[in-house]
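Q: Need the 3D shape of this:
(one chain, ligands or ions: 1)
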Amino acid sequence: MRVILAQPRSFCAGVVRAIDTVERALEFHRAPVYVRHEIVHNRHVVEDLGARGAIFVDELDDVPEGAVTVFSAHGVSRAVENEARERGLQILDATCPLVAKVHEQGRRYAAKGYSVILIGHAGHPEVIGTLGQVPAPVTLVQTLADVAKLPFAGDAPLAYITQTTLGVDDTRGIIEALKQRYPQIVGPDTRDICYATQNRQTAVRELCRHVDVMLIVGSKNSSNTRRLWEIATEVGVRSHQLEDGSEFRTEWVNGAETIGITAGASTPEAMVQDVIATLKRLTGNVSIDVLPGKQERVSFRLPQELV
Ligand code: SF4
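A: Residues are numbered from 1 along each chain as shown. You can find the predicted model right below:
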């Protein structure tokens, strides 16, 4: 059996920075360090940091006064920032700089008097944070049907921003529909959408052309991992999402000669290696290749309090 790995896969620069932030905070301040929400959407990462003294909470009410608290890579609303200040928490902000850039775009458009439309998924922590970072009403659009229902006049001053974990391909149709209904609408350059999301989506599409079955490694609550599974499935390749090797089922690869493996931006590479080790153990002789793809050289600086 031949295994082909997607390139790039696993951690992006924003996830590396967020995890490093918690690790450095544990070194600098010692445990416990509180983290609002899962630092990134991966069970193994959360369990590992938890074992080293990070305490994950849903809301700041669960953090003692003055405690060291990390905001997750997904970002938070202004209200959460204010609450943290009022409670005297020592904040380390691990919001991905690319998410912070979307916040800034939204604020800039609102300041210029545009009504802001956010393309994203309701309920995702990043979307909740972005909605709460723009000091004006923001309208969430998730589907083409939502575009058709927008209440704005045909000549209204409008601007759109997008959730980072949607790729250029995901948003293209919605942006086109927005431009058709509102030709005057403005928005950021689509190349501004997260490089890591786009690179992983492009890589999985390419890999689908070479494999019989695709294994997508990552947690169920990771939206970018889920999107990789959706893309592979849409292309028509038998695809399975799994957290690690323990979830692998031999029947998934029955009759397959070539297996593709990729992983979401929040998935540690160790989990990919765990899946490969399981494949080897359960199915015998396996050769490993990597499909050449984009080399990523992006890195983000840690929050300045930790440098
Ligand atoms: S996927 Fe993109 S936006 Fe999200 S943390 Fe990674 S680099 Fe940042």
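Q: what helix or strand is the residue nearest to Ala136 when sequence neighbours are not counted on?
A: Nearest in space to Ala136, with sequence neighbours left out and distances taken as CB to CB, 6 or more residues apart in numbering, is Ala110 at 3.9 Å. Yep, even glycine has a C-beta here, placed from its N, CA and C like the rest. Following DSSP states H and E, one finds Ala110 within helix 97-111.
Q: what does that helix contact?
A: For helix 97-111, contacts defined as CB atoms under 8 Å, 6 or more residues apart in numbering pick out 14, 17, 73-75, 116, 118, 126, 129-130, 133-136, 138, 159, 161-164, 186, 188, 192, 194-195, 300.
Q: Of these, just the buried ones, ChimeraX syntax please.
A: To isolate the buried members of the contacts of helix 97-111 in ChimeraX, using 16 or more other CB atoms under 10 Å:
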select :14,17,73,74,75,116,118,126,129,130,133,134,138,159,161,162,163,164,188,192,194,195,300
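Q: tell me, which of the contacts of helix 97-111 make contact with the ligand?
A: 14, 73, 164, 194 (CB under 6 Å from any ligand atom).
Q: From these, pick the one nearest Leu26.
A: Within these, the smallest distance to Leu26 is 16.8 Å, found for Ala73 (CB to CB).
Q: Check the gap between the closest one and Ala18 for me.
A: Noted for Ala73: a distance of 4 Å to Ala18, by CB to CB, to the nearest Å.
Q: which neighbours do these two share?
A: Residues touching both Ala73 and Ala18 (CB under 8 Å, 6+ apart) are 39-40, 94, 96.
Q: quick one: which two of the ones next to the ligand among the contacts of helix 97-111 are the most distant?
A: Farthest-apart pair in those is Ala73 and Cys194; separation 11.2 Å (CB to CB).
Q: what do these two both touch?
A: Listed as contacting both Ala73 and Cys194 by CB under 8 Å, 6+ apart are 14, 96.
Q: Return the members of the shared contacts of Ala73 and Ala18 classed as buried.
A: By 16+ other CB under 10 Å, the shared contacts of Ala73 and Ala18 give 39-40, 94, 96 as buried.
Q: How about the residue in the stretch 1-150 of the chain positioned nearest to the ligand: what's its closest non-neighbour residue?
A: Residue of the stretch 1-150 of the chain nearest the ligand, by CB to the nearest ligand atom: Gly14 (2.5 Å). In space, and not counting its chain neighbours, Gly14 is closest to Cys96: 3.2 Å by CB to CB, 6+ apart.
Q: Now do the same contact list for that neighbour.
A: Taking CB under 8 Å, 6+ apart, we find Cys96 in contact with 14-15, 17-18, 73-75, 164, 194, 300.
Q: if we go to 7 Å?
A: 14, 18, 73 (CB atoms under 7 Å, 6 or more residues apart in numbering).
Q: Quick check: phi and psi at it.
A: The phi/psi pair for Cys96 (degrees, to the nearest 10) reads phi -60, psi 140.
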